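Chemist: Build me a structure from this.
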Amino acid sequence: MAFKKLFTPTAQPSDGMTQAAREAIVDLLHFGVYADKHIALAEDKMVEATARTLNWDAKISFDYYEGKSIGEVRRIGRDETQRAEFFQSIRERLSKPEDRKLAVKLLEQLYSCDGATAVERETLPLVRRELELS
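Modeler: So this is what the prediction gives:
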């Protein structure tokens, strides 16, 4: 994935988010990419175009985090318990309602950029519910 280029390392983040919130958004976007088991180039381009506004902490290797994030998303698969733990972690790291709304907005854009699949359409209400937005 070309997610590495999405985040501009900066010493003084200007997006108003914590690093944990940025990482949660990356995790949620990876969840969305892998939800239908179809990784589309359009999804990759959408993420690149919209996530540039996040300021990745320069002290944390995005390459390392990306691998960790993808591994986590692939590990949970359809396991209900692991999925519940995953979303609990996302909720905790996206503690501000506006960060949760941004994460869902980015996920919606991810899903719509290549035509939402049935799996993606089913997943979005689940994500909203898990993030306590519905």
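
Chemist: worst-scoring helix or strand of this protein, pLDDT-wise?
Modeler: Sorted by mean pLDDT, DSSP states H and E, the helices and strands of the chain end with helix 41-50, the least confident at a mean of 69.

Chemist: ok, then the element right after it?
Modeler: Using DSSP states H and E, the helix or strand that follows helix 41-50 in sequence is helix 62-76.

Chemist: What helices and strands are in contact with that following helix?
Modeler: Counting contacts by 3 or more C-beta pairs under 8 Å, 6 or more residues apart in numbering; DSSP states H and E, helix 62-76 packs against helix 19-35, helix 80-93. The C-beta positions use only the backbone N, C-alpha and C, and glycine is treated the same way.

Chemist: Compute the inter-axis angle for it and helix 80-93.
Modeler: 140 degrees (axes from the mean of the first three to the mean of the last three C-alpha atoms, to 10 degrees).

Chemist: distance between helix 62-76 and the chain's centre?
Modeler: Counting by C-alpha atoms, centre = their mean, to the nearest Å, helix 62-76 is centred 11 Å from the centre of its parent chain.
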